[in-house]
Structures are given as C-alpha cells and as structure tokens.
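Trainee: below are the sequence and a predicted model for it; my questions follow.
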Amino acid sequence: MDSALIPRGVKRCPTWQFILGIVIVGAVLLWGVFAMLLCWIKGLNQTNMNTAYGFAIWIWADLAVIAVGGGAFFTGFLRYIVGKDELKNIINFAVLIGFICYSSALLILAIDIGQPLRGWFIFWHANVHSMLTEVAFCLSCYFGVLCIEYLPLILENRQIDKVPFFHNLSHNMHEIMAVFAATGAFLSFFHQGSLGGVAGVLFGRPFGFREGVLIWPWTFFLFTWSAAACGPCFTILITKITEAIARKKLVKDNVIELLAKISGWMLLTYSVAKIADTWYWATVTAPSKGFTLMDFYSNNPLYGIWILILEVGICGVLPALILITDKGRKTSFALWAAVILAVIGVCLNRWVMVLQILAVPVMPFISWHMYFPSWQEIATTILPVAYGIILIMISYRYLPIFPQEAELNPIEPPTYAEEDKQEQEEPVETQEASNAPEPEMQPAEA
Amino acid sequence: MKIDRRSFLSFVIGGAAGTALSPLPWKLTDDLSIWTQTWPWVPVPTDGEVSYVNSVCTLCPGGCGITVRKIDNRVVKIEGMKGHPVNDGGICILGLSGAQLLYGQMRVREPLKKVNGRFKKISWDEAISEISKKLVELRSKGESYKVACIAGSDRGTVPELFNRFLTVYGSPNFIRTPSIQDSYELTLHLMHGVQGMPGFDVENSDFILSFSSGVIDGWGSPVRMFKANSNWRDNGGKVIQVEPRLSNTAAKSDKWIAINPGTEGALALGLAHIIIKESLYNSSFVNNYSTGFNRWKRHVMDGYSPEIVAKITGIDKSVIVSLARDFARASKPLAICGRGQGWTPGSLKEFMAVNALNALVGNINKEGGIWGLAEPDYINWPELEMDSAASRGMQEGRIDGAGSGEYPHAKYLLNRLPEIINSAEVSPVQALFVTGSNPCYTLPDTASVKKAFERIPLVVSFSPYIDETAEIADFILPNHVFLERYEDVPPVAGFQKPIIGLSKPVVDPQFNTKHVGDVIIQLAKSMGDFIANAFPWETYEDCLQTTLGDKWDTLVQEGYWTDSNFAPPAWAQGFETASTKFEFTNDEINSLSRFSPVKPEGDEASYPLVLIPYDSMRLASGFIGDPPFAIKTVEDTVLKGKDVLIEINPATAKKLGLAEGRYANLTTPKGSAKVKVHLFDGIMPGIIAMPRGLGHTAYDKFLAGKGINFNELIGPVEDTASGHDTAWGISAKLAKA
Amino acid sequence: MKQEKAKKYGMVIDLDKCTGCGSCMVACMAENNVPFREDESDKLLSIAWMRVYKLTNGKPFPDTDICYLPRPCMHCEGHHGHSPCVSVCPATATDYSEETGIVSQIYTRCFGCRYCMAACPYHVRLFNWWDPVWPDGMEKSLSPNVSVRMRGVVEKCSFCFHRYQLTMDKAHMEGRRELEEDEYQTACTQACPAGAITFGDLNNPKHTVYRMVKPDHKQGGKPKNPKAFRLLERLGTNPKVYYLTSREWVRSMDDNYLKNESK
Ligand SMILES: Nc1nc2c(c(=O)[nH]1)N[C@H]1C(S)=C(S)[C@@H](COP(=O)(O)OP(=O)(O)OC[C@H]3O[C@@H](n4cnc5c(=O)[nH]c(N)nc54)[C@H](O)[C@@H]3O)O[C@H]1N2
Ligand code: SF4
Ligand code: SF4
Ligand code: SF4
Ligand code: SF4
Ligand code: SF4
Ligand SMILES: [Mo]
C-alpha cells in the first residue's frame, strides 16, 4: 500500500502491522493528549504540584529528555567538528532522537507553565539574569537547528526527493550541515549548562546551590558534561531497541563501539567531576549554610543516601568502567547494561536536581515535603514517549535513517516496475499531502 | 482551476511569510495575553469614590470600633478604628471578615416560612400578621407566658424591645444565652452588692492570674485583651496561666501551670490559704472594708492546705506556695476566671473563690483591679401600662426556673430549658423568638436542644444568617446585618468604663431584610391596645434616637460615647451589700452548696479520658460562624478536609495505639464522632481537646459540614449553687477507627 | 518622581507579642483580594500571603512551648537587589525596587513558570492553581486598588504596595516628597491587635523599625540588636523582615545550624 514511500533497498513490515502499532501507541498518545487538554482547560490544579513542589515531574521530564537528547549535539559535534567520520552512520538517528526529545521538552513546557498563552513573554520580557531565559533562548534556537538538521532527512523520502526543488534543497543543506552542527553544539553547551544553572543558582536552596565560576555554578558544567556523556548512551540504547524490534542490525558495531567508548570516557570524567563537586558541596558549601550531607538524605520516607550511591556509583562510575573497556563494549549484555544505567543515572540526577531540592526543608521549623504525580501528570509525561515512538516508527519506515541498513540487510531485488506504476497513479495524492504542516505525517495519511 | 505543485507551494510559503510579517500574529498574541487576564469569570473590581464610615462591630460582645472602607456603595474592607477606647485600630479576624458576612452566601435574603418542612418565601406583612395571629390566640387562651424569647444579650434597645414586648404581652420568659457574665454578675451581686457587670482594669494590672481564661484566645473583649497583653510585654507585667492545656494564652504567659481541669476553684482557695497563713493579705482592706472574713478564713484554713490542694489540682505544693506569694506581693495583682472565651458560666463558688483572691490583696475598686459597673441607665422608656392578661402572665414563674425556688439568684437558665421542654407532655413554650443567638449550635447537648425546639409549635428566628436555629425555625424574619443597621452597643464584656457604641448602617440593606426592632414594633402595633401603646415609636430608628437623647449626636459622629470621668467608687462607698462592705461570705453565700471540683459527666471505667473544648480566635464559636476568610486560617492540625483533629498527648496516644493523622472514634456519654488524631505535647496526659466553632450544619459551603460541634458531645452539668451550666468537659473514650 | 533618598521598607515582628490570632492573615486577604476556596485545609495549596507558622520547642509535657511566627514576603535584598526570586524570573515579572526595597510581582507579566517558587526558601510565593471564584455577590467586597489575579500566575505579599502608591500620590498632590512614618503602613501591621508588627523605612534612623533592629547596612541589613534576627540569615537572602524574641529556643529556629555550632 505504502511501498512507494519506503526507501529503496530495505524491507519493512506489512502495512497492517505498522498501522496496528501506530494505533496501539496512538491510544497511549491520545490518553496523554486528553490529560494535556485537561491541564490546559482546567488549569494546573489537575496536577499534584503545590507550593512546595512548584516544579515536579514535568520539569524533571523536561530536563531528563533534554539530557538524553544530548546525543544529537554531541554526536554532531564529534562527527562534524571533531571529524569522527564513522558517526555519519548514526548521526541521522541521533538527530531524530534529539528532535523528538527537544520537541517533547517544548511541549512539556507548554503544558507546565501556568499561562501557556503568555509563554512568549519569556522572549519578549526576557530577564538576562535568569538561567531560564538562557535556557529558553538556546533551547528554542537549538530546536530550530534540530529542525534544520532533521529536514533534509525528510526530504530524502523517496517521493519528496523526486521534486527537484526539495532534492536540491536537501543536497545543499547537507553541504552546510557542519555549520549547523557547530551552532547546535554551541547552543547545547549553553542550554544544557543553563539547565544545570537553574538549580545551581538557587542560593536560597542549599541542596541545589553550587559555587562556580562567574555567573555559572558548577552544576552548569556538570549538566553539559553529563548530557554529552549520557546522551549518546541514550542514542545507542534507542538504536539497540529499534534493532531489537526491527529484528535486524541497523548500525555497524564499530560505530556503536566508537560512540560507546567516547561516552564511557565522558562518563568517567564526569563521574570524577561529580564526585569532586559533591565532596566540596558536602564539606564546604552545605555546612556554611548549616547543613550536613545527611540532613539532605534522612528523616523522610523517600530521599535517602541510596539516591547518591545509585546516581554516582551504580549509574555513573560503573557504566563508565564498562564502556571504557573494550570487552565491556563488545559484550552485548554489558553494553546494554551500561547504556541503561547511564541513562537512569542522568535521569536520576535531573530528578534530584529538580525535586529533591524542593523536598528538603530549608526553614528549620518545617518538615520534608513528599509528592506523587497525579494521573494527568503521568499521562502527559508518557505522551512524549508515545509521540517519540510514533515518530521513530514513521521515520524509520519512510526515511533512510540508517545508511548502513541496506548493506547490513541485503534483500531480493524488488520489482521496481510494479512500484513505479503505482507511483504514476498516485501523484495527486502525494501533492495534496504536502500541504500538511508536518511532512513526517504524510505517509500515514497517504 | 488547476493548481500545479509550484504555484501551490509558492502560495503556501508566500502566505506564511506574509502573515508572519504582517501585524496579525503580533496582534493575536497580544490579544491572547490580554485575554488570559480578562477571562469573563475573573471579576474586575470597579473603581469609585472612596469613603470611610466609623461604626461598631457586633460580631462578638467585644465592642470594637471599626472603620469601614467603601468604594461607592460597596464595603471593601473593615479596619479597626484608630483611637477607639476598646481596640484603638486593632481588629480581630472575625471583624476583618465582616464584609463576607454582608455579601456571603449564608445570608437569609427574604422572610421565609416553613411549609411542609421546606422554606417558602413570604411577604413581611403576611409573616408578621400570621405570627401576630398566633400570639393573639395564645394570649386569649390565657397562655401568654408560654411565649419565650432567647437573645444573645439583655442590654441595649433591641433586647429591651423584646423584653418590653414580652412583658406587656404577658410573659416573663425573656432569656439571655449563658456565658461567664451570668457567674460574674452573681459574684458581684453576692460579694459586692452590685447589680451589673464586672470591669477589669487589666491594662493597669501588673500580675494577671488567669484560671483557664483565654486572655489572648477571645476572653472578654478580644482585641482589648491583646493590647493589654502587649502592654504587659512592654512594661514587665506578668501573666500566670493555670490551665490543663497549653493554649495560646498559656504559651504566651510568663508561666503555665497545668492543672487538673475543674479544680481551679480549689487552687484559688489554696492560694488564699497561704496568703492568709503568711499574712500576705491587705489587712487594711480586709479589716476595714470586708465582712465574713473570719468565717471564710476558717473554711479556707481547714479545707485547703497546700497538701490537700496539691492532691486535688495535681500541682506541686511548692508551685502553689510560690504562686501565692508572687500574687500577693505583686503591686496590682488581678485574678480572673471563666474558661476560654467564657462560653459556659461555670461554678459560682469557683468565681467567688477567685474574686476573694482579689479582695484578699485589696485589689478591688482600685487601679489595676476589678469593680462592678452598674447596669447602663440610658434606656428610660415610658412606664408600661399593662392589661390584666399581661399581669396574669407575668405572675407565672419563669419556665427555666430562674429567680425562684432552687435558683433564687439566677436571672436566666437557658441550660435547663431543653430538658424542661423535652420532659413535659406538652411543651411549656408554645412560641419562641430567637434573636442574636444560635442556641441549636451553642448550647450543650445540641441534639436535645433541637428536639426541644421541634416540640415548640412556633419558632421565629430573626437571624440574618441561615444558622442551625434558623434552619429548624418556622419563620425566619431576617434582620439586617450589622453593616446595614443602627443598633446601640452597650457596655462590653469586662471593659472598665461605661461605654456605648453605635452600630451604623454603612450600606443599604442588600436583601429584603428588616431591622428586628422594626419587626417588634410592627408586631406590637398589629396587636393593638396596650401592646401597641407600649411602643410609641414609628420606627426603630426613631426609638433609638429618642432613647439615646443627647448622646445621639456624639454617637453618630464619634461612633461611641464614654463616661470619661468615670472612676470606681472608693472602698468606703463601693459596696452595696447589707453590711456596705465587701462580703467574703454571708448567710446567703453560706447557704449555697460549697465549692467542690466539678466532675465531668460519665463514669471513669467506660470513659477513661476527659474531653475538653478549646477556643481559638480563628474559629468563631458563637452566634456567628466563621466566614470564608476566617476558616481559611484554621491550621491543618485542627481541621483537615472535613475532619477535625483531636489533640492528645503522645503518651496517651501511644497507649491507645493512635498515631498522628489517624482516624479514631470519639465517644462520650452524649454522642460519638469520627475524628482524626493530632499529637500535641502541650496537653495533659489523659485529656483530649477539641476546638469549638466547627461542625456547623448550616451557613455556607465554606463552613458547613466541617468537623464536629463540641456541643454535640457534651451535656450541661447544673451548678448546685446557681443552677447555671458548669460543665467544662466530659468523660470520653477514644478508639482506633 | 525621584526620591530624595532610597528607602528600604521593612518589617519587625515581635514574636513575644504575636498571639497567633490570624488577624494579619485575614487583613491581608481582605486588603489584597486574595481568593478563597471551599477547602483550604491543604496549606500547600492555600493562598495566604501572610502565613502564621506554629513553632513548638519539641519538649514533652509540661515543658512544651509554642510560638507563632507570622511570615509575609521577606522582600529579600539578596546581593545588590538580586533577591533569590527576582534574579531567576525569566520574564521580569518580579522586580526589586531600588527606590523602596520592595519586591514586586506583576501578575499580568507572570506566565506561571514557578521558578521563583523554587527559588524562595520561605514558601512565600504562591501559585494560582485554580481560577479565583467569588460566589455571586461576594465580588462586591473586592478592592479596586489591587488587581485580581488570574489562574496560572504566582502571587505574594507586596508590602501592600498599592498603599505606598496611594500615599505617594497624595504626598505629591500636597507638594511633599517624603512620607510620614505612619502614612504608609501595611494592612497587616495596621490590623494586628497585639501591635506585634512594626513597619517602616530601615534606612531612616528616625523610624521605629530602624531603632528596633539597628540594621547594619554594610552587612546587608543584618540586625545589630542581638534580640533581633532574620530567617535563614546565613543563606545571604538579606531579608527585610526581622523578628524579635526573648525566648532562646525560638531564637534557635532562625536558621540551620550544625551540631557543633552553639547558637
Ligand atoms: N484583572 C484585572 N485586569 C486589569 C485591571 C483590573 O482591574 N483587573 N485593570 C486594568 C487597568 S485599568 C490597568 S492600569 C492595568 C494595571 O495593570 P497592572 O499594573 O499589571 O496591575 P496592578 O496589579 O494594579 O499593578 C501593580 C502590580 O505591579 C507591581 N508593582 C507595584 N509597584 C511596582 C514597582 O515599583 N515596580 C514594579 N516593577 N512593579 C511594581 C505590584 O506588585 C503589582 O503586582 O490592569 C488592567 N487590567
Ligand atoms: S473582637 Fe469582637 S467586636 Fe472586636 S472586631 Fe472582633 S468580633 Fe468584632
Ligand atoms: S495579627 Fe499580630 S498577633 Fe495576630 S497573628 Fe498576626 S502578628 Fe500575630
Ligand atoms: S521571601 Fe521569597 S518571594 Fe520574598 S523576596 Fe525573598 S525570595 Fe523573594
Ligand atoms: S512564575 Fe511568574 S514571577 Fe515566577 S519566575 Fe515564572 S514568570 Fe516569573
Ligand atoms: S504587608 Fe500587605 S501584602 Fe504583605 S502580608 Fe502584610 S498585608 Fe499582606
Ligand atoms: Mo488603569
């Protein structure tokens, strides 16, 4: 049915299977959309946020997806700036994942703010002192960059590519992609950092507050670093999951291993820096405000020292050690474990830096705050996951995301004649579809 | 028309670019941001001319002056009136919420008549004529004395109009709601020979010994007491709080002495014992201006040694001794009593024991002391002319038994009324007026109060609010609220000088309500003859203005009138007893039953705990229920959702297996309720405490259905000396739910 | 119009006098059009610009003690006006006024990101989770001096800034540039029946607040009066709300201390 849209030289599951998948994930998506509409129409009383938890699951999800979406900028940086050419075989997917993560982040923000229709005030009435302003500007610009990076991929769709204008556009964009990659890397450096700064500048919250250089607290650098370390792990993880579901190899091992190795070293150095930061904070910063380390991790039902051990040890040092060893990278199980742990670690770090900060009582006469998200919050947080899966499904099916796929999975030469005939019958349909604002949705409608 | 791919694309791209560059998106985003501020359901307060009106708050007997800020004809804010002798700018939480009682959903908006259990609109004239017909009918049957009136106060023109109406109609059954005023009036009457109410010169005292009085929890005139309390902080005055629970007063006091509840009178006598034994008393006063000292002394010396008192009260002997010394040695010590905000009269002998302490140290009719203020004298209406029906009716004894037989001294005994009605075959009350009070909420054992009221064929409520009593009434004839009406506010609880306030209409009546005074006048006129003649005024305003005479202008301008030359009479002239001296005891006092600690109702075996109420400024527990702002301030350790939290000592809770925030079943001999538990170290083990002011079934959604009304769990305990209710708590048990 | 000299409005609350009566809370609600809801018992959802905390000394009966601590916005000066909340607001919806020292909140500018709430360690900033609703007729008591906030924005104590504006307008009309001490007073100060709250200009040695706490402006306003303290002094928020107490245990709750730090 949709074979005309499927890239040449690769095999895709039957249309019914594809549609069934879309419908199942789409149902989850609709649940999320319903919750999102509730939040927009009825307001944030639909959540379990409160005076103590002004930030909650969404801001965590936001920071987490941006962290794991860091694979895009860092892979781009390695590919275009550092010149790790092998990475061209995974960069498309990294860009797609980045695009999903960042568009999700923006969507979450649009649900999270109390006055979504005034969201643009952040640009219009920008306060240069605010880390969030920096985040907003860099994030939006970088999202623009990601769109530009993702666009040529869309244009490579077999049908779109037939239009000379798009063909040329796509070609020219590829030429200058290094410029965008560099811009993206720069922007990412700042907004990842600013997100760390969001917590680090809170001098009223000793749990989050960090000293640093100039206007940037240590967490600024730690966030960029951890995103660069764990983002590629997430790219690897999603690639592996996609391979598992597609039941075929899509990226060659050497590519994955290269990325894993770089990640490993980033993660190791990050862990060392994180430990040093924690040490300084626990022995100098916090005591100067009257807190011991254990004040932050005891006398409450949830936030125990296990968090620190899990985050820095089990999900930091351990995966780093796996990834820097050749054997670790080559052992499928170890590689899986390492990337999963690294992703958990960075997500946990974001949780801690968003929620534990708020949970810790600062005034001595109040107690710990506990929080559990409402179903609306959970649904809206799952919404981007469903959206991401759908976007990956569509992109994978119709776009040449994995350049090595055809080589790794040779198939019987297809009967082009037949397909071309179909194309002749369908041009009008394709044309009409092109007026949809989101081109990636075309094939689904076609 | 055929659109080719290229032209279509150019159209789309061009259109998008054009739109982006046009002012349209900017205009739209701007509109959006404006729209988010002006959602139609978010009100935009309209501006207008600002004005201020001075008046008096009547939401409690405090008598504070208020300054009402208005915008055009709207009340936007109530503030304390600067320079007012009672509150000088300060104001309590209830007074501050006054505008919500004006505009709130709890207002009764028009006269209502209950038909088949449901309220129906009725016109004022119809309502008054129906009631009038019923009254005429009763009177013609010779049952005029079966009409009663319950009022929140017996002072001022409005209560006097009711009283006058009843008298000329032929009923002695005007009843004031109970409070410590009853006990203090009796104490003054028996010991000072004064008919009136006590004035406490708290501002000038330097040592306040409070027997469970909520000095800063609403006792007396609340704002005035706060101010006095702050003065003590500034000038070194001391407050000693004797109370079983760490109330706010106890916490703010210089010393909190926890005492077995109900034994306060014993402590007072124990202190007297030491003061006498160590000759610390004021011999000049005792020897020259008092009688009955030796007789009373024997009683105190025999029965109240520190050892005995320590056993009764649970207070350490040494604490008792040093407290007695400190009290006696202070230059202007003042002992006060009446638990909490003074909702229950309490044991007469306890009040007298506490007052005797003031006499011992000679701090009576002196700066920093206590004295009696005579009844206000400004109401001088023409002598009543009564027909024989009225005289006959007035010959009948009061239904509540006050003033005769066992209760010769009591003026009003509302606490006895429900039982009397419920145990009679036919209700001795055939018609009841209720004004300025809400007995179905504020009287103990509310279930029996409601049952009694339901047996009365005609109950008329004049409440401006849909309160619990109005709910069960047959007619609601809504009064204006205090911001819509004139009313004189005579001397306030415990203030040391005669003062009259004038409550003024600040805005026009918001609804189809009528001044209760006008209703009485109209009712009287509709009944003709002597009754009509007793009310020579056209309107209430006319009545008020004539009554106040030359004070009217001052009152309208200043908002209050006070006798600035007032000073308490000297010791030689101060007592109007038979002996013209202060009487520690006399034959009359001696004939009353002796003080003994008041036991709570219920047997200890089935009810091992004792439940006491506590009062809080944040919970109005009287006639008025908490408005939305006030209930909003109630802590989550008092009210959580719809559940009230019971204070319990952690040790007691542990024994019962109860933890913070857990549900428990609370049972007393009078009722049971599901409550939550709040662990509080500041309460004696074995005692549990519950706030007053919750558990309303009426009012608005902001108040109704939250918590439990303490009065549902307690019954009255009659004071054998006076007949007043003396219950301060009740036996209880608490079990995991 | 420019002021002669910058003011620094601040508040001193005498905890020995405060009775916990709640008048300050309600005075503020009535003055500032604060909304109310059917159930306000979840204090983490309830909007009260002034909140009175109940402190206990944690000792068992009969050594237990309670103290109430009213907490308006501290109008933190932070470092050079970078109060914790002002510097973080991405939309400049809150501002530190160098002229008055007041931290403003501009509701129509705020877009509800709640970053300022995360930044404020005093839980001063409150979010409008719901549309404010005044039951039919009750909107009549709304004051036109303070705009009603819409759902989705943050609000907080403004030191009754509209009162400052009104008195300044009046002063200008009368050709004055300076306000008398009693001319500009906050609603809570005015209402407090215990007279526990004092409000005034901390830069003006003639004002009572100055005399009460003797702010050391070289140290961000740290009180020189040893009986006075500010909440969380060591965080460097430099609040302009001071507390007085004679009770040592209350004093020890002003900040966080390590075990070996004797307070
Ligand atoms: N819902 C609603 N919307 C309205 C109106 C209304 O009555 N209700 N009125 C409309 C009208 S006529 C007007 S003029 C506008 C007014 O619109 P705004 O000016 O936004 O409204 P206000 O809340 O009155 O303004 C005072 C706000 O500014 C802050 N503020 C006060 N002083 C200062 C200061 O010195 N510096 C800074 N940066 N901030 C300060 C205060 O904290 C307060 O939040 O609103 C319009 N929109
Ligand atoms: S103390 Fe009583 S009279 Fe005074 S403002 Fe409060 S309610 Fe009104
Ligand atoms: S009004 Fe005054 S006394 Fe009452 S709680 Fe507030 S500060 Fe304390
Ligand atoms: S108390 Fe909180 S809201 Fe107020 S200025 Fe300080 S940080 Fe900002
Ligand atoms: S919630 Fe409003 S005031 Fe607070 S930081 Fe965000 S935009 Fe600024
Ligand atoms: S200063 Fe004004 S805004 Fe602040 S708490 Fe007091 S009354 Fe409310
Ligand atoms: Mo305006």
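Mentor: That came through fine. Residues are numbered from 1 along each chain as shown, chains lettered A, B, ... in the order given. Ligands and ions are numbered 1, 2, ... in the order given.

Trainee: going by C-alpha atoms from here, please, whenever you check contacts or count neighbours.
Mentor: Noted.

Trainee: so A:Tyr297 touches A:Ile305, yeah?
Mentor: Yes - using Cα atoms under 8 Å, A:Tyr297 is in contact with A:Ile305, at 5.2 Å.

Trainee: how close does the residue most central in space within chain A sit to ligand 4?
Mentor: Residue closest to the mean C-alpha point of chain A, counted by Cα atoms, centre = their mean, is A:Gly69 at 2.5 Å. From A:Gly69 across to ligand 4, the span is 32 Å (Cα to the nearest ligand atom, to the nearest Å).

Trainee: and for B:Lys77?
Mentor: On the measure of Cα to the nearest ligand atom, B:Lys77 and ligand 4 end up 25 Å apart.

Trainee: buried residues, stretch C:5-23. List them.
Mentor: C:7-23 (16 or more other Cα atoms under 10 Å in any protein chain shown).

Trainee: now check it, is it near ligand 6?
Mentor: No - Stretch C:5-23 does not reach ligand 6 (Cα under 6 Å from any ligand atom); its nearest approach is 8.4 Å.

Trainee: do stretch C:193-207 as well
Mentor: No - interface with ligand 6: stretch C:193-207 contributes nothing (Cα under 6 Å from any ligand atom), its closest point being 8.6 Å away.

Trainee: low-confidence ranges, chain C, go.
Mentor: Across chain C, the ranges flagged by pLDDT under 70 are C:1-4, C:262-263.

Trainee: ok, now with 90
Mentor: Within chain C, the segments meeting pLDDT under 90 span C:1-5, C:79-81, C:108, C:177-178, C:259-263.

Trainee: tell me if I'm right that A:Pro361 and A:Asn300 touch.
Mentor: No - contact criterion Cα under 8 Å: A:Pro361 and A:Asn300 do not qualify, at 10.5 Å.

Trainee: need the residues touching each of these two.
Mentor: The contact sets of A:Pro361 and A:Asn300 overlap at A:Trp368 (Cα atoms under 8 Å, 6 or more residues apart in numbering or on different chains).

Trainee: CA-only coordinates of stretch A:343-358 in CSV, if you can.
Mentor: Taking Å, rounded to 0.1, in the frame of the first residue of the first chain, the C-alpha atoms of stretch A:343-358 are listed here in CSV:
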residue,chain,number,x,y,z
VAL,A,343,20.5,6.8,31.1
ILE,A,344,19.0,6.0,34.5
GLY,A,345,21.9,7.9,36.2
VAL,A,346,21.4,11.1,34.2
CYS,A,347,17.6,10.9,34.7
LEU,A,348,18.1,10.4,38.4
ASN,A,349,20.5,13.3,38.6
ARG,A,350,17.9,15.5,37.0
TRP,A,351,15.2,14.2,39.4
VAL,A,352,17.4,15.1,42.3
MET,A,353,18.3,18.5,41.0
VAL,A,354,14.7,19.3,40.4
LEU,A,355,12.7,17.6,43.1
GLN,A,356,14.9,16.8,46.0
ILE,A,357,15.9,20.5,46.1
LEU,A,358,12.2,21.3,46.8
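
Trainee: which residues touch whatever residue of chain A ends up closest to ligand 4?
Mentor: Residue nearest to ligand 4 within chain A: A:Gly204 (7.3 Å; Cα to the nearest ligand atom). A:Gly204 makes contacts with C:Pro84, C:Ala119, C:Cys120, C:Pro121, C:Leu235, C:Gly236, C:Thr237, as judged by Cα under 8 Å, 6+ apart.

Trainee: can you get me a residue count around whatever residue of the stretch 401-550 of chain B ends up closest to chain A?
Mentor: Going by Cα to the nearest Cα, chain A is nearest to B:Ile466 of the stretch 401-550 of chain B, at 31.4 Å. Neighbour count of B:Ile466, defined by other Cα atoms under 10 Å in any protein chain shown: 22.

Trainee: so how far is B:Asp125 from it?
Mentor: 21 Å (Cα to Cα, to the nearest Å).

Trainee: try B:Val429
Mentor: 25 Å.

Trainee: so between these two, which is more surrounded?
Mentor: Neighbour totals were compared for B:Val429 and B:Asp125, and B:Val429 leads with 25 against 14 (other Cα under 10 Å).

Trainee: what residues does the stretch 101-250 of chain C put near ligand 3?
Mentor: C:Cys192, C:Pro193, C:Ala194, C:Ala196, C:Ile197.

Trainee: if we can go back for a sec, in terms of contact, does the residue nearest to the centre of chain A touch A:Cys101 like I think?
Mentor: Yes - under the criterion of Cα under 8 Å, A:Gly69 makes contact with A:Cys101 at 5.2 Å.

Trainee: what helices or strands is the helix or strand where C:Met11 lies leaning on?
Mentor: Using DSSP states H and E, C:Met11 sits within strand C:9-14. Strand C:9-14 is packed against strand C:197-201, helix C:208-213, strand C:241-244, with contacts defined by 3 or more Cα pairs under 8 Å, 6 or more residues apart in numbering or on different chains; DSSP states H and E.

Trainee: start to end distance for stretch B:103-117?
Mentor: 27 Å.

Trainee: now the strands for the stretch 101-250 of chain C?
Mentor: Using DSSP state E, counting those that start in this stretch, the strands found in the stretch 101-250 of chain C span residues C:103-105, C:126-127, C:154-155, C:197-201, C:215-216, C:222-223, C:228-229, C:241-244.

Trainee: sheet-wise, list the partners of the last one with their directions.
Mentor: In the sheet, strand C:241-244 lines up against strand C:9-14 (parallel), strand C:228-229 (antiparallel) (DSSP bridges).

Trainee: so for stretch C:164-180, what gets flagged as buried?
Mentor: Buried residues in stretch C:164-180 (16+ other Cα under 10 Å): C:Tyr164, C:Thr167, C:Met168, C:Ala171.

Trainee: could I have the CA atoms of it written out in CSV?
Mentor: Listed next in CSV are the C-alpha coordinates belonging to stretch C:164-180 (Å, rounded to 0.1, in the frame of the first residue of the first chain):
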residue,chain,number,x,y,z
TYR,C,164,2.6,53.2,49.0
GLN,C,165,1.4,54.3,45.6
LEU,C,166,-1.7,55.9,47.1
THR,C,167,0.2,57.8,49.8
MET,C,168,2.9,58.9,47.4
ASP,C,169,0.2,60.2,45.1
LYS,C,170,-1.3,62.1,48.0
ALA,C,171,2.0,63.4,49.1
HIS,C,172,2.8,64.7,45.6
MET,C,173,-0.6,66.4,45.3
GLU,C,174,0.3,68.1,48.5
GLY,C,175,3.7,69.1,47.2
ARG,C,176,5.6,66.8,49.6
ARG,C,177,8.4,64.4,48.6
GLU,C,178,8.6,62.5,51.8
LEU,C,179,6.1,60.3,53.6
GLU,C,180,5.4,60.4,57.3
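
Trainee: can that stretch be found next to ligand 6?
Mentor: No - using Cα under 6 Å from any ligand atom, stretch C:164-180 never reaches ligand 6; the gap is at least 10.4 Å.

Trainee: then stretch B:631-641?
Mentor: No - Stretch B:631-641 lies out of reach of ligand 6 by Cα under 6 Å from any ligand atom, never closer than 13.5 Å.

Trainee: thinking again about what came up before, just name the closest of the contacts of A:Gly204 to ligand 6, please.
Mentor: For the contacts of A:Gly204, the nearest to ligand 6 is C:Cys120 (15.5 Å; Cα to the nearest ligand atom).

Trainee: name the residue of the stretch 151-300 of chain A that lies nearest to ligand 6.
Mentor: For the stretch 151-300 of chain A, Cα to the nearest ligand atom, closest residue to ligand 6: A:Gly204, 20.1 Å.
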